[in-house]
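> What would the 3D arrangement of this be:
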Amino acid sequence: MAAAAAAAAAGGRGDGDSRRLPPRSLAEPALHTVEMHTGGEPLRVVPRLEAMEEAAATGLSLLALRRHMAATRDHVRRALMLEPRGHGGMYGAVVVRGGAAADGADLAVLFLHGSGYSAMCGHAVLALGRFALDYGLVAAPQRPETAVRLRCPCGPVTAFVPWDGCRSGNPVRFHSVPAFAAATDVAIDIPGHGRVVVDIGYGGTFYAFLSAEQLGLDVCSSKTRELVSAASAVTEAVKEQFKLHHPESEDLAFIYGTILTDGKDAFSEEPTTNICVFADEQVDRSPTGSGVTARIALQYHKGLIQLNQSRTFRSSSTGSLFTGKAVKATRFGDYNAVVVEVSGEAFYTGTATFTVEEEDPLKHGFSFK
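Sure thing, here's the model as predicted:
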């Protein structure tokens, strides 16, 4: 990695890169990022955001820090996620070290997307495991695999990353927070589609699941626009017709999106395909790590798979694969739950320095629908 990016990851300002930029009047200090993807889903890592580090030093919890960023620094999210610096499918992560937010973990993380903030992101955790090792955020890496402890808004998650003494490798796996079936076989009325039956699973955030066939679609061959519109209609209907509960925090009791599947929930050696539509009609290019977590929890709850029985999940958009399995039965509040292991491959795509000029009328981003 470039020296300036490494300096930024370690907390430096990356002044060498800044001096190469033309003179300008900045609304904010330059933002240095590390660019990655997991299964095709992008991750724009912000190694250090000074305002969040200062807020974390006051003792804010990670959920409180997420609220603080939304209230005081949401323009940073918009500038990095939206056009012209981002795009409709961009995803990001702000790294925080130390304080109550990290709560003893190697790093804490705030997840960003085009319309707000997530509670959990599996594809980001897989990438951040590599990032944490390569940028020296883990005190004593171990061969051949290092455990990287992350604090996510939904709770503690551990990534397990191959390490050869100099650099990280693939595949990466992580162990989830307790995942559970929030509800199964729930009848929901969908405008334009009639009544369908959905399952609602939690894998660090809540998703509605149903086969695309119920909506008259095929997850493998229907047009993406049709799948996105139908999934979004399901999400909105579930929000209106079903009340969610989270055992620890009502901040986390929200439907994040809908995952349309090929209906192949019973155990099989063959991959099962899905598409995840989350937030404001954003499409995950990967099989969705938190979605795989929730789907495994639902399959375990229904007796379709057993502990340590692996399944493979395919993204309908890129064909990329994640594997998942339930590795431990547990309890989470009133729910029978499981810890799920998800595996996938994350890659670097570059580093970047972004500036926001004061005079730019579009300095904080825009989006097209």
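
> Low-confidence stretches in the stretch 1-150 of the chain?
1-21 (pLDDT under 70).

> can you pull out the strands in it?
For the stretch 1-150 of the chain, the strands defined by DSSP state E, counting those that start in this stretch occupy 31-38, 41-46, 91-96, 107-113, 116-118, 145-152.

> Quick one: those strands as a markdown table, columns for mean neighbour count and distance to Phe366 too.
Using the backbone N, CA and C atoms, a C-beta is placed for each residue, glycine as well. Formatted as a markdown table, the strands of the stretch 1-150 of the chain follow (neighbours: other Cβ atoms under 10 Å; distance: least, Cβ to Cβ, whole Å):
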| stretch | mean neighbour count | distance to Phe366 |
| --- | --- | --- |
| strand 31-38 | 23 | 18 |
| strand 41-46 | 25 | 17 |
| strand 91-96 | 26 | 17 |
| strand 107-113 | 25 | 15 |
| strand 116-118 | 19 | 16 |
| strand 145-152 | 21 | 29 |
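
> Quick check: which of those is nearest to Thr355?
strand 31-38 (7.6 Å; Cβ to Cβ).

> What strands line up against the closest one, and which way round?
strand 41-46 (antiparallel), strand 346-354 (antiparallel) (DSSP bridges).

> Compare those and report which one is nearest to Ala208.
Closest among the strands paired with strand 31-38, using Cβ to Cβ: strand 41-46, at 19.7 Å.

> got the contact list for that closest one?
Strand 41-46 is contacted from outside by 31-37, 76, 80-81, 86, 89-95, 112, 123-124, 127-128, 131, 284-286, 346, 349, 352, using Cβ atoms under 8 Å, 6 or more residues apart in numbering.

> Over to stretch 228-244?
With Cβ under 8 Å, 6+ apart, stretch 228-244 has contacts from 182-183, 186, 188-193, 196, 198, 200, 206, 208, 210, 212, 215, 217, 253-255, 257-260, 275, 277, 281, 283.

> quick check: mean pLDDT across it?
Mean pLDDT, stretch 228-244: 97.

> oh, and call the first residue 8 from now on, that's how I've got it
Understood, numbering begins at 8; the last thing we discussed is stretch 235-251.

> buried sites along it?
Val235, Ala237, Ala238, Ser239, Ala240, Val241, Thr242, Ala244, Val245, Phe249, Leu251 (16 or more other Cβ atoms under 10 Å).

> circling back to that earlier point, buried members of the contacts of stretch 235-251 into PyMOL, please.
To isolate the buried members of the contacts of stretch 235-251 in PyMOL, using 16+ other Cβ under 10 Å:
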select buried, resi 189+190+193+195+197+200+203+205+207+213+215+217+219+222+224+260+262+264+265+266+267+282+284+288+290
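
> May I see the strands of the stretch 8-157 of the chain organised as TSV, with distance to Pro278 added?
TSV is the format used below for the strands of the stretch 8-157 of the chain (distance: least, Cβ to Cβ, whole Å):
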stretch	distance to Pro278
strand 38-45	17
strand 48-53	17
strand 98-103	23
strand 114-120	26
strand 123-125	25
strand 152-159	25
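
> Among these, which comes closest to Glu366?
strand 38-45 (17.8 Å).

> so that closest one versus strand 98-103, what angle?
120 degrees (axes from the mean of the first three to the mean of the last three Cα atoms, to 10 degrees).

> ok, the nearest residue to Gln149 once chain neighbours are set aside to Ala154 distance?
Spatially, and ignoring its direct neighbours in sequence, Gln149 is nearest to Trp170 (6.6 Å; Cβ to Cβ, 6 or more residues apart in numbering). Distance, Trp170 to Ala154, using Cβ to Cβ, to the nearest Å: 10 Å.

> and what of Val226?
On the measure of Cβ to Cβ, Val226 and Ala154 end up 35 Å apart.

> Going by neighbour count, which residues in stretch 125-144 are buried?
Those would be 125-142, 144, for stretch 125-144 by 16+ other Cβ under 10 Å.

> Name the nearest residue to Gly162, ignoring sequence neighbours.
Closest to Gly162 by Cβ to Cβ, 6+ apart is Val184, at 4.2 Å.

> Which of the helices or strands spans that neighbour?
Under the assignment given by DSSP states H and E, Val184 is not contained in any helix or strand.

> For Ser218, the count of nearby residues, please.
19 (other Cβ atoms under 10 Å).

> check contacts around the nearest residue to it once chain neighbours are set aside.
With Cβ to Cβ, 6+ apart as the criterion, Ser218 has its nearest non-adjacent residue at 3.6 Å, and that residue is Gly270. Shown in contact with Gly270 (Cβ under 8 Å, 6+ apart): Ser218, Ala219, Glu220.

> As CSV, these with secondary structure and distance to Thr79 would be great.
CSV is the format used below for those (DSSP: H, G, I helix; E, B strand; the rest coil; distance: Cβ to Cβ, whole Å):
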residue, secondary structure, distance to Thr79
Ser218, strand, 42
Ala219, helix, 40
Glu220, helix, 45
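
> closest to Tyr342 among those residues?
Using Cβ to Cβ, these come closest to Tyr342 at Ser218, 23.9 Å.

> Wait, that closest one touches Asp269, no?
Yes: assessed by Cβ atoms under 8 Å, Ser218 is found in contact with Asp269 at 6.8 Å.

> Give me the common contacts of those two.
Contacts common to Ser218 and Asp269, judged by Cβ under 8 Å, 6+ apart, are Val226.

> In strands, which of the contacts of stretch 235-251 appear?
Judged by DSSP state E, the contacts of stretch 235-251 include 189-190, 193, 195-197, 203, 205, 207, 213, 215, 217, 262, 264-267, 282, 284, 290 as members of strands.
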